Structure formats: structure tokens, C-alpha cells
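[1] A structural model of the following input is requested.
(chains A and B)
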Amino acid sequence: MKAHYWIAFVLSLSLLPATAPGETQPPGPQIAGAEIMEKEQQAFYSQGKDMKAEIRMELVTADGKKRLRSLTMLRWNDPGSKDQKYFLYFREPADVRGMTFMVWKYPARESDRWIYVPAVDLVRRVAARDARSSFVGSDFTYEDISGRNLAADSHSLLREEKLGDRDCYVVESVPKEPTDYVRRLSWIDKITFLPLKEEYYDVQKELTRVFTADRIESIVAAAGGEQKSFPTVTRRTMKNLKTGHRTEVAFTAVAYNIGLQDAVFTERYLRNPPERWIK
Amino acid sequence: MKSVIILGIFLLLLTENVRTVGAETGTGEELGGYEVQAAPSPDGTSGKPESFLEMLPFELRGFLEARGGFRMQDDPHESKTATLEETRLQLHLFKALDWARFSIKSDFLYDGTAEEAQADVREVNALFSPFEFMELKAGRQILTWGTGDYIFINDLFPKDYKSFFTGRDDEYLKAPSDALKTSIYTDAFNLDFVYTPRFNPDRFIDGKGLSYFNPQTGGLTGEEAVIVPHERNEWLGDSEIALRLYRDIKGYGLALYGYHGFWKSPVGFDPQAGAATFPRLSVYGLSVRGTVWKGIGNFEMGYYDARDDQNGENPFIPNSQLRYLAGYEQELAKDFTAGVQYYLEQTLQYGAYRLTLPPGMQAADEFRQVITLRLTKLLLYQNLKISLFTFYSPSDQDVYIRPNVHYKITDHWSVEGGANIFAGRNDHTFFGQFKNDTNVYSGVRWSF
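    Below is the predicted model:
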């Protein structure tokens, strides 16, 4: 990991106010793997009431050829359940510009997904249900983007160790149903509960994919009348060690609690992206 | 030429707004009333324009494309082997202001088969919201609704079958409408109401370039007998109304539809004038779509009310029909999706139709059935798409197969190739009539 990322990382963490998740009382070492992963999901996929980010993905082949994916993401957490709704507006490459993608995500069953193709004014339901499918041709799967069902894996805390200068839990997650990996190791920051690194192993026990959080920033937003800080992974990489292909992702203009409404995640705005949020 | 003038006016309008737009794109991160503090982004994605396109006061996108195709067999009714031969530039200008959004999209092409340059203006429209619960979209626009995959029951917006059958991009299956679309959103339901003041017919197969079965001559026909229908071009008199009432219940989309207008292709015939006609038509239908088992299921039906031949006694006008469609699509393996559809078209007053059918004219079946299968496989980080779409009619005993391979070489360059294969036992059936039009095509596109 490049040194300047770590500097930014440490600097930003020092700005964390006292309300940062988990900071009040460092959890004891016996905390169960499942509990850690639940906090990780909360920190990584569900912070705030809602979120907006500009996402720029660089897909890089082993020989260095690059493709760009650029999109705006809106996320809304249903206050009454663990359901989430996502709205993606694609900007690059040119042939997908203006396309929108909407996901209603439920914790225990398959998501509902829609796509809108502006050139033909067509709203389609997306049949792709394999959450292990690649997201827009990147090294990230749909699950990597929006979170994997916690109950789909058995989690156990293996050890605690430092990654760089951060204290981490190392959690092993083993899928209960066969999938494209048989074992995942996650290094979870003890303070922020963000994943700093993940390793995916295939059935031959070989390391196939590696995720790294390359930069973490503290995003301040209003929450319940006061200012709250949301540690956010703003740069991340997923590398496929088998193919040498990697995807580097940068989040910019990240904002939490911007007042998104449930009504944004409907066919109306799928056809006409909400101007207020998507400039 | 008209389109060039429209583009020019649009450009002028946009330059008027440059100053206000500049003020809007400041770096103030005031979102939803909350101050947002994010560390400066190291790659500088916000603010500074990176290219000429981003410096424009409006969005400009488009592509340049060359595409060609030819028929695989001689056609005694068509002199040209080429079915497609064109160089196409598409420009799409888009501008969002506080009170409205403007979209202008036009294609400029040289069509080698027609030996002429053309401007095909696909969009010139403004979208605005006079009330929170209402949107209006006025002008030339592409309109689509319904649940079918390449099969349309309640979508009676114009199609371009010539583009579809010769291997243009899927985008061109939909022809533009000159219409006013009013959308109303309420908690209970949403309503789309589309008024087309002057009938917009399909871009139908007329014999130019592609041969077809002519029921009047009882045989295959091509450029020697190009269809010139009685036009329906009277403003307000030849208007169309289409509406859709829809809502979502727990991820299931339900819709009711209505249409009042005309058959979109000239399926009628006026024996006195010896010309094809667009008979009057109304359609009432419904659809539902949502998760079924491990995939997406849909059902749609429509009642086609042939208002000019409700008793079914006029052999020159199609009878009323009931049309049904059931579909299911599922991802069978990673990046491999299959979709099947069953379509049934029932001719009503079939007895009257058979009784009044002139001797020698081919009778259509009472029940026409079509089964479709779509297979799509994505490879090489989804940059290579291999797809196959098949229409097969067990009742007509004909088939239409659309294989296609599309590869994105880079984010800007793509190539594709494919075929349109028609076969059938008889000349007069829906796909069988195009048996001499079987063609292969390829294209290269640069998008920006």
C-alpha cells in the first residue's frame, strides 16, 4: 500500500469525533466473528440514513489496458427494516451514458432490479440474479457492491493483528452453499469496523482475489441534530490474482443524510433521473 | 435540412445560458441543506473539465458508425444484393435547466441502398414538471412500454421493422413519435397519457430493399410493387391516444393499457382505390411482471378491436383479435441468461372471416402461436456479448433467427456482426414471407 494513502488514512482517522462507531469501549477479543461481520456490514454498506457518491472505476487488464466506468450512486436505508434501495446513473463509457439501474435489496431474499435504456425508453426487469456476477465487467461482484447476506457464511474470529498500524480483527468466512470461493479472510479495523483487506480462496485453497481499502476518509454529516463523522472507504482495489486483472475504485463527493426519499427509487425517476441528486 | 436549423436554434439558446450554468457548477457542496466536508479528491474529478465535450454548456454525445449487410440468396424481387450500407453520425444534445430538460438527438446518414443522404431526427423534446405530481414531455420522442421482448401487444408506438430486419442496432427498432406525454404520479397509481396529434405509422416493410408477401397478388413482391398506402396524415383528425395506468406492488409491476388509433402498418386494403390502408384500431390490455421462481416472469394480453371490421366480414381488413404473451427469463449460469416467451394471437369472428375470404386468398389460422428463445452470454469481462434470438411459429411453420456477436474493443470502439435468417414452409406467413431477405451484417462504431 502506498505510503501517502496511509498518511491520509491516519490523518482522517484522527479527526474522528467521539461518536465514531465502536470507539466508546474497545470490544473484547471474544467478540464473535458474526458480530464483527455484522458491524462491518453496517459500517461498510449501511452508514447513515442515505448516501450519495460519484464512483469512478478503472478496470485494468494484466497488460495495463484500461477501461473506465463512471456513475453516480444513491443509496437509501428503509428506516423500518433492513431493506435498502440503490439508484445508479451511468456516465461513462459513452455507450451506456444515461442508463439507470435500480435495486431494491432485501436481506433475506433476492433483490429486485430494473434497468432503463434511454435510447429506446425501455424499462426492463433484470433477470441476472447471481450475486456473484461481475458488476459492470469489473472485478467486483454485485455482492461486493451492496453486501452479502450475512447468514450465507459461517464466520469465525481467527485472531487479532495489526495491518500496517491499524489494529484489526481477522475473520474467516466460509460460504454455506458452494460459490466461486470457499474461504474469505477479512481484516476488519477494530475502531471503524471497515474492511481494510479481504482475501478470497478457491477450492484449491489458492488465493484468487484480494480486496484492499486504499484510502479512508471521514465524511461529516448531520445526524439527529448533531454532526457525525462517517469513516468511508473512498479508494479501494479488487485484484484477481489468477488473471492479473484489477479494478480500482474512487468515491468522490461522498455525502450522507442528504434527505433522499423512498419516492426517488421508482420507475418515475428511473426514466427521468432526479435532477436534484444527479447533476 | 430542417433538423440542422433546429440544431442551430438549440445551440443559440444554450449559449444564452452559459453564464447561469457556470454559476451553478461551483464547488459549493451544499446538498440537501447540509454542509458536507470531504477531503479533496486526489484525482480532481470534480470541477475541472477534462475534455472538449465537458467544456460545452450542454451535454454532447454520440457515435460514428459504418454498417453493411447483404442478402444471402438471390431475390427475384429485389435488384440489390446489399440490404444495409450506411455511414451514420448520431449527435445527442442534452441540457438540464432548473425548469426543464431538453433533448435533441439526430442521426445523419448516407444510406447506400437508397443512394441518399438523410437526417433522421429521433428526439427534439422538452420535459418539465408543472406540478410535483405531473410531468410533461412534448415533442419528438421515443416511447416504449409493455413487458414483451421484441413482441409488442400494448406498445403501439411506431416500430421500424426495416431497421430490425436488416441488422441496425436495437435502438432503431423504435421509431420516434411526435407526441405530448403527460405523466401523473399518485400514491395509488401512475398514469401516462400520450397524445399524438397526427398518426405516426410504423416504418413498415414496403418492398424497397426487402421483399414481402402481397395478399393482393398472392405472391412474393418487392421493389416492383412498393406499398404506397393511403396516408393518415390529418392533424387532429388522424390522432392517436395511448394510455397506461400502472403501479408497483412489492416489486411486481401491474399495468392497464388503452389505445385509440390505427393499425400501425398498412394491413388494410381498399379494393376500389387499389391501395393499402391503416384501418382504425383500439386496443385494451393489461400486464404484470415480477419475480417468478428464480427469474423474472411476465404476462401481457390485449384485445384488438378492429373498429372498421367488428363483424369480421370485410376480408380486406383484419378482424379483431385477442393477443396473449407469457414470458420467463432466468440467469442459468454466471453471465448466461435465457428467456422464453409464448405468444398467442386469436382471430375473432373467424367463421365470418372464412366465409367472406375471396377465393384464392390464403387463409390465416384462427390461432397463431409464436415461441421465442433468447440466449445471451457475456464473456471477457462482459466486453464480448454473444446472443441468439429465435422466433418460431409452430402454427405458421416459420422461423426467424437473430444471432449477434458484439465486442467492445475499448470504451470507444466496438464491432459487431450478425444475421437475420428467415425460413418458412409457406410464402404468406409472417416470417416465411421474408425468406429471400435472409441477410448477414456487420458494423463498427466509435462512441464519444
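[2] Helices along the chain, start to end?
    No chain specified, so I'll use chain A. Applying DSSP state H to chain A gives helices spanning A:3-14, A:33-45, A:142-146, A:267-271.
[3] To clarify, I was referring to chain B.
    Applying DSSP H to chain B gives helices spanning B:2-16, B:18-24, B:52-55, B:161-166, B:350-356.
[4] Of these, which shows the lowest average pLDDT?
    Comparing mean pLDDT across the helices of chain B, the weakest is helix B:18-24, with a mean of 33.
[5] Would you confirm that B:Phe278 contacts B:Asp270?
    No - assessed by C-beta atoms under 8 Å, B:Phe278 is found out of contact with B:Asp270, at 10.6 Å. All C-beta spots, glycine's among them, are computed from the backbone N, C-alpha and C.
[6] Show me which of these two is the more surrounded one.
    B:Phe278 (23 against 15; other C-beta atoms under 10 Å in any protein chain shown).
[7] Is the nearest residue to the more buried one once chain neighbours are set aside bridged to anything, and to what?
    Closest residue to B:Phe278 apart from its sequence neighbours, by C-beta to C-beta, 6 or more residues apart in numbering or on different chains: B:Phe262 at 4.2 Å. Beta bridges link B:Phe262 to B:Arg280, judged by DSSP bridges.
[8] shaky segments in the chain?
    As the question left the chain open, I've gone with chain A. A:1-31 (pLDDT under 70).
[9] I was thinking of chain B, sorry if that wasn't clear
    In chain B, residues with pLDDT under 70: B:1-50.
[10] if I look at A:Leu122, how far off is B:Tyr407?
    23 Å (C-beta to C-beta, to the nearest Å).
[11] just B:Phe133 next, same as before
    Distance from B:Phe133 to B:Tyr407, by C-beta to C-beta: 45 Å.
[12] ok, A:Leu122 and B:Tyr407, which is more surrounded?
    Neighbours were counted for A:Leu122 and for B:Tyr407 using other C-beta under 10 Å; A:Leu122 has more, 20 against 15.
[13] Now do that one against chain B, distance only.
    5 Å (C-beta to the nearest C-beta, to the nearest Å).
[14] And that residue, how far from B:Asp74?
    37 Å.
[15] B:Tyr441 now?
    From B:Tyr441 over to B:Asp74 (counting by C-beta to C-beta), the distance is 18 Å.
[16] neighbour count winner among the two?
    B:Tyr441 (21 against 9).
[17] roughly how far apart are the more buried one and B:Gly112?
    On the measure of C-beta to C-beta, B:Tyr441 and B:Gly112 end up 13 Å apart.
[18] what do these two both touch?
    B:Gly68 (C-beta atoms under 8 Å, 6 or more residues apart in numbering or on different chains).
[19] Quick check: residues of the stretch 151-279 of chain A near chain B?
    A:180, A:217-222, A:234, A:245, A:250, A:252-255, A:257-260, A:266-268, A:272, A:275, A:279 (C-beta under 8 Å from any C-beta of the partner chain).
[20] residue contacts, B:Ser129?
    So B:Ser129 contacts B:135-136 (C-beta under 8 Å, 6+ apart).
[21] redo that, cut-off 10 Å
    Residues in contact with B:Ser129 (C-beta atoms under 10 Å, 6 or more residues apart in numbering or on different chains) are A:272, A:275, B:99-101, B:135-136, B:183, B:185.
[22] From those, which land in strands?
    Taking DSSP state E, the ones among the contacts of B:Ser129 that sit in strands are B:101, B:135-136, B:183, B:185.
[23] that older thread, what about the residue nearest to B:Phe278, how many neighbours?
    25.
[24] Wait, it touches B:Asp308, no?
    Yes - between B:Phe262 and B:Asp308 a contact is recorded at 9.3 Å, counting by C-beta atoms under 10 Å.
[25] Could you check what's spatially nearest to the residue most central in space within chain A, not counting adjacent residues?
    Nearest residue to the geometric centre of chain A (C-alpha atoms, centre = their mean): A:Ile145, 4.4 Å. Ranked by C-beta to C-beta, 6+ apart and with sequence neighbours excluded, the top spatial neighbour of A:Ile145 is A:Phe135, at 5.1 Å.
[26] ok, now which ones touch that neighbour?
    A:57, A:69, A:88, A:101, A:141-146, A:238, A:247, B:382.
[27] if we go to 7 Å?
    A:141-142, A:145 (C-beta atoms under 7 Å, 6 or more residues apart in numbering or on different chains).
[28] Which of those sits closest to chain B?
    A:Thr141 (9.6 Å; C-beta to the nearest C-beta).
[29] so what's that closest one up against?
    A:131-135.
[30] List only those of those flagged as buried.
    Neighbour counting with 16 or more other C-beta atoms under 10 Å in any protein chain shown marks A:131, A:133-135 as buried within the contacts of A:Thr141.
[31] export those residues to a markdown table and tack on distance to B:Met55?
    Output for those, formatted as a markdown table (distance: C-beta to C-beta, whole Å):
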| residue | distance to B:Met55 |
| --- | --- |
| A:Ala131 | 40 |
| A:Ser133 | 37 |
| A:Ser134 | 33 |
| A:Phe135 | 31 |
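[32] Report the separation between B:Cys53 and chain A.
    No Cys there; residue B:53 is Leu. Where chain A is concerned, B:Leu53 sits at a distance of 9 Å (C-beta to the nearest C-beta).
[33] residues near the closest residue to that residue other than its chain neighbours, how many?
    Nearest non-adjacent residue to B:Leu53, counting by C-beta to C-beta, 6+ apart: B:Leu60, 5.7 Å away. A count of nearby residues for B:Leu60, using other C-beta under 10 Å, gives 16.
[34] Tally up the residues packed near B:Ser211, please.
    Count around B:Ser211 with other C-beta under 10 Å applied: 26.
[35] show me what contacts it?
    B:75, B:77-78, B:220-222, B:436-437.
[36] interface residues of the stretch 51-200 of chain B facing chain A?
    Residues of the stretch 51-200 of chain B lying close to chain A by C-beta under 7 Å from any C-beta of the partner chain are B:61, B:96, B:127, B:135, B:142-144, B:170-171, B:174, B:185, B:190.
[37] what ranges do the strands span in the stretch 51-200 of chain B?
    B:59-71, B:82-96, B:101-111, B:116-131, B:134-141, B:177-185, B:190-196 (DSSP state E, counting those that start in this stretch).
[38] and what of the stretch 301-448 of chain B?
    With DSSP E, counting those that start in this stretch as the criterion, the stretch 301-448 of chain B has strands spanning B:321-333, B:336-347, B:367-379, B:384-393, B:398-408, B:413-424, B:439-447.
[39] do the same with the stretch 51-200 of chain A
    With DSSP E, counting those that start in this stretch as the criterion, the stretch 51-200 of chain A has strands at A:66-77, A:84-92, A:100-105, A:112-117, A:122-125, A:153-163, A:166-175, A:183-189, A:195-201.
[40] May I see the ones you listed arranged in JSON lines, with distance to B:Gln397 as well?
    Below are the strands of the stretch 51-200 of chain A laid out as JSON lines (distance: least, C-beta to C-beta, whole Å):
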{"stretch": "strand A:66-77", "distance to B:Gln397": "45"}
{"stretch": "strand A:84-92", "distance to B:Gln397": "43"}
{"stretch": "strand A:100-105", "distance to B:Gln397": "40"}
{"stretch": "strand A:112-117", "distance to B:Gln397": "33"}
{"stretch": "strand A:122-125", "distance to B:Gln397": "31"}
{"stretch": "strand A:153-163", "distance to B:Gln397": "52"}
{"stretch": "strand A:166-175", "distance to B:Gln397": "49"}
{"stretch": "strand A:183-189", "distance to B:Gln397": "54"}
{"stretch": "strand A:195-201", "distance to B:Gln397": "51"}
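[41] just so I know, which of these lies nearest B:Asn319?
    For the strands of the stretch 51-200 of chain A, the distance to B:Asn319 is smallest for strand A:122-125, at 30.3 Å, taking C-beta to C-beta.
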